[in-house]
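Colleague: Sequence and predicted structure below; questions after.
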Amino acid sequence: MSMNSLKVLKYVVFFFNLLFWVCGCTILGFGIYFLMKNSFGSLFYSLPSLTLGNVVIIVGSIIMVVAFLGCMGSIKENKCLLMSFFVLLLFILLTEVIMAILLFAYEQKGCYVKAKLWFQSNFLYIGILIISVCVIQVLGMSFALTLNCQIEKTSQSLGI
């Protein structure tokens, strides 16, 4: 891979992770608003502290941290940050797959009738969204791994 294509890959990874970092900040802001508004009750009766605001804050914070690792790892060409970014994306992807399997496995229990009806009526849109998120994660992981390998090759050729 030439140095020009390495720079393009570096800035593409940086730009998209900067975009995701801004989205994470926005989601975090919505979570804080939901927490302050407190008009939404808990999501589960057995877990009263698990409110919509808390969940959105956690999701926004995770997106911000992962995107920050991708931004800094790509722009600084830091192998450790890029591998951390890759591992976190892989962990999130595996968690999503496990949660989808558990959702379908426990679908027959009929515990959440409202949520089940909403998911059934919007199944196509949810499926497209989940597939899109998975594709973006796999692309991010492959870009991070490619950039990491190229940084290692470049540093070996320069004798660093």
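Modeller: Looks like it arrived, so ask away.
Colleague: how close does the spatially most central residue of the chain sit to Glu96?
Modeller: Averaging the C-alpha coordinates of the chain gives a centre point, and the residue nearest to it by CA atoms, centre = their mean is Ile63 (5.3 Å). Applying CB to CB, to the nearest Å, the value for Ile63 to Glu96 is 13 Å. Where C-beta positions appear, they are placed from N, C-alpha and C, glycine not excepted.
Colleague: what does Phe143 give?
Modeller: According to CB to CB, Phe143 and Glu96 sit 19 Å apart.
Colleague: the more surrounded of these two?
Modeller: Phe143 (21 against 14; other CB atoms under 10 Å).
Colleague: That one sits in which helix or strand?
Modeller: Element membership of Phe143, judged by DSSP states H and E, is helix 123-158.
Colleague: How about Tyr11?
Modeller: Going by DSSP H and E, Tyr11 is in helix 3-37.
Colleague: again, but for Ser49
Modeller: Ser49 belongs to no helix or strand, assigned by DSSP H and E.
Colleague: and Ile151, how many neighbours?
Modeller: Counted with other CB under 10 Å, the neighbours of Ile151 add up to 20.
Colleague: is it true that Lys79 touches Ile151?
Modeller: Yes: under the criterion of CB atoms under 8 Å, Lys79 makes contact with Ile151 at 5.7 Å.
Colleague: residue contacts, the closest residue in space to Tyr33 that isn't next to it in sequence?
Modeller: Using CB to CB, 6 or more residues apart in numbering and skipping residues adjacent in sequence, the residue nearest Tyr33 is Gly53, 7.8 Å away. Counting by CB atoms under 8 Å, 6 or more residues apart in numbering, Gly53 touches Gly31, Ile32, Tyr33, Phe34, Leu35, Met36, Lys37, Asn38, Phe40.
Colleague: Hmm, which of the residues you listed is lowest in pLDDT?
Modeller: The lowest pLDDT within the contacts of Gly53 belongs to Phe40, with 67.
Colleague: any weak-confidence spans in this protein?
Modeller: Judged by pLDDT under 70, the chain has its weakly predicted residues at 1-2, 39-47, 103-104, 106-127, 129-130, 154-160.
Colleague: what do you get if the cut-off is 80, keeping everything else the same?
Modeller: 1-6, 38-53, 96-97, 99-160 (pLDDT under 80).
Colleague: now for the contacts of Gly53, which pair is the farthest apart?
Modeller: Ile32 and Phe40 (13.1 Å; CB to CB).
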